[in-house]
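Peer 1: Just need the structure, nothing else, for what follows:
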Amino acid sequence: MNKIAYLLVFLFAFLVWDCASEEVKENRKIEKIMRVRAGGGLRLRVAPNIQAKKIDVVTDGDAVETFGEVGEVEIQDGKQGRWVKVVWKKKEGYVFGGFLESVHIK
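Peer 2: Have a look, this model is predicted:
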């Protein structure tokens, strides 16, 4: 009987651990598709500020999926805008919105 109890406890613990390790994807709606217009590319950062760690550089002309603006209006390199949450090549982060332009679909 003791072996069966240990087996059941182990099985229960394994199932709980397995369920807890499942990645939960946030269901969110793309706000806009925008194109980067920054000359040498645009830094994708982990947080919406100029001091935040850089994830990658979004190539000039590439499109990004946007999920909303955050923070106050700022001026960076002569451009005015807010930080924008984006996804680019399956990487999620923030870019400065002053270097984004709307994509017009014909």
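
Peer 1: which element follows the top strand by length along the chain toward the C-terminus?
Peer 2: Identified as the longest strand of the chain according to DSSP state E is strand 63-76. Heading C-terminal from strand 63-76, the first helix or strand you meet, by DSSP states H and E, is strand 79-88.

Peer 1: CA atoms only: put that following strand into PDB for me.
Peer 2: Written as PDB, here are the backbone C-alpha positions of strand 79-88 (Å, rounded to 0.1, in the frame of the first residue of the first chain):
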ATOM      1  CA  LYS A  79      12.200  63.000 -33.600                       C
ATOM      2  CA  GLN A  80       9.200  63.300 -31.400                       C
ATOM      3  CA  GLY A  81       7.200  60.300 -30.200                       C
ATOM      4  CA  ARG A  82       6.400  57.700 -27.500                       C
ATOM      5  CA  TRP A  83       7.800  54.300 -27.000                       C
ATOM      6  CA  VAL A  84       5.900  51.600 -28.800                       C
ATOM      7  CA  LYS A  85       5.600  47.900 -27.800                       C
ATOM      8  CA  VAL A  86       6.400  45.800 -30.900                       C
ATOM      9  CA  VAL A  87       7.100  42.300 -32.200                       C
ATOM     10  CA  TRP A  88       9.800  41.900 -34.900                       C
END
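
Peer 1: Distance-wise, check the nearest residue to A52 once chain neighbours are set aside relative to E92.
Peer 2: Closest residue to A52 apart from its sequence neighbours, by Cβ to Cβ, 6 or more residues apart in numbering: R45 at 4.1 Å. For every residue, glycine as well, the C-beta is placed using N, CA and C. Computed as Cβ to Cβ, to the nearest Å, the R45 to E92 distance reads 11 Å.
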